[in-house]
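*Asks:* Give the three-dimensional model of this entry:
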Amino acid sequence: MSERVQTTVRADEPISPQGPPDDRLPDLDAEARERRGAALAQIRTFGDPVLKSRASEITTFDLELKREAERMTAIMRDAIGVGLAATQLGVMHRLVVFAAGPDATATAIANPEVDWTSEELAIAEEGCLSLPGVLVEVERPLYARVRGSDVRGEALTVEASGLEARVLLHEIDHLDGVLMLDRSARDQRKAALRALREGSTYSPSSDGSEQGASRAED
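*Replies:* Residues are numbered from 1 along each chain as shown. Here you go, the predicted structure:
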């Protein structure tokens with residue numbers, strides 16, 4: 001049996017305590033909050049059918065693709081996320097961008113394919129810019145190798161570990177119409193779906209185990 005490592009990182013969501021949107025990022029100034037709001041307004045959210053649809057392969061590598069990757073990166077940064085898939089913006093082809101940390105260099109990968117994953121697994125709470133206000137625990141490989149192309153069509157391989165591996169696998173899932181909820185435990189999925197319907201928040205670790213467990217079991 002592979003080792004299970006408990007972690008607390010999140011994919012394509014700010015690394016911050018769970019809570020109402022205005023309380024998650026208290027250090028943002030008014031301008032940054034305005035940019036974040038504008039970025040989030042462009043991201044498709046739960047219930048939009050594009051989030052459950054598989055994206056098509058990219059066959060044309062041109063200036064338009066480069067500009068799209070730059071736009072996705074800007075939206076990801078302004079939204080204070082660490083990854084974004086084209087499908088989250090309603091663009092149905094296989095392009096992702098990621099930057100696993102505020103100081104990381106953003107990378108765009110076209111037609112990403114998971115070439116290898118480790119047997120060593122990690123369980124972590126994940127959030128998603130398309131599923132606002134909810135976190136669920138997801139088990140993923142701790143290490144991954146992803147192959148694809150850069151925006152010029154040149155071959156690109158990324159060897160990733162930890163948060164970066166989680167982000168990449170999360171974004172590739174988006175391209176296949178798979179959400180983090182699809183990989184979560186049934187009780188957490190039910191609680192997260194209820195929160196999404198009600199416009200509230202959910203985290204398996206919120207307010208101590210008692211309240212979190214009670215919400216997850218309903």
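*Asks:* How far does the longest strand belonging to the chain sit from its chain's centre?
*Replies:* Scanning the chain for the longest strand, with DSSP state E as the assignment, gives strand 107-117. In terms of Cα atoms, centre = their mean, to the nearest Å, the centre of strand 107-117 is found 15 Å from the chain centre.
*Asks:* buried stuff in it?
*Replies:* Along strand 107-117, these residues count as buried under the neighbour rule (16 or more other Cβ atoms under 10 Å): 107, 108, 109, 110, 111, 112, 114, 117. C-beta: built from backbone N, CA, C; applies to glycine.
*Asks:* next one: stretch 51-71
*Replies:* For stretch 51-71, a neighbour-count test (16+ other Cβ under 10 Å) marks 51, 55, 58, 61, 65, 68, 69 as buried.
*Asks:* three-state assignment of residue 152?
*Replies:* When classified by DSSP: H, G, I helix; E, B strand; the rest coil, residue 152 comes out as coil.
*Asks:* Residues touching the helix or strand hosting residue 39, excluding its own?
*Replies:* Taking DSSP states H and E as the definition, one finds residue 39 inside helix 30-40. Contact with helix 30-40 is made by 25, 28, 74, 75, 76, 78, 79, 80, 129, 132, as judged by Cβ atoms under 8 Å, 6 or more residues apart in numbering.
*Asks:* neighbouring strands for the longest strand of the chain, and are they parallel or not?
*Replies:* Next to strand 107-117 in the sheet, as set by DSSP bridges, lie strand 95-98 (antiparallel), strand 143-149 (antiparallel).
*Asks:* Tell me who's in contact with the residue nearest to residue 52 when sequence neighbours are not counted.
*Replies:* Spatial nearest neighbour of residue 52, chain neighbours left out: residue 177 (4.6 Å); criterion: Cβ to Cβ, 6 or more residues apart in numbering. Applying Cβ under 8 Å, 6+ apart to residue 177 gives the contacts 51, 52, 53, 54, 87.
*Asks:* quick one: residue 177 and residue 82, what's the gap?
*Replies:* Noted for residue 177: a distance of 21 Å to residue 82, by Cβ to Cβ, to the nearest Å.
*Asks:* and what of residue 155?
*Replies:* Taking Cβ to Cβ, one finds residue 155 at 24 Å from residue 82.
*Asks:* out of those two, which sits in the busier spot?
*Replies:* Neighbour count, other Cβ atoms under 10 Å: between residue 155 and residue 82, residue 82 has more, with 30 against 8.
*Asks:* still on that earlier bit, who does the helix or strand that the longest strand of the chain is followed by touch, helix- and strand-wise?
*Replies:* Note on strand 107-117: by DSSP H and E, the next helix or strand toward the C-terminus is strand 121-126. Packing partners of strand 121-126 (3 or more Cβ pairs under 8 Å, 6 or more residues apart in numbering; DSSP states H and E): strand 4-6, strand 136-141, helix 162-175.
*Asks:* Out of these, flag the one nearest residue 188.
*Replies:* strand 136-141 (4.5 Å; Cβ to Cβ).
*Asks:* can you state the direction angle for the closest one and helix 162-175?
*Replies:* Orientation check (axes from the mean of the first three to the mean of the last three Cα atoms, to 10 degrees): strand 136-141 against helix 162-175 gives 100 degrees.
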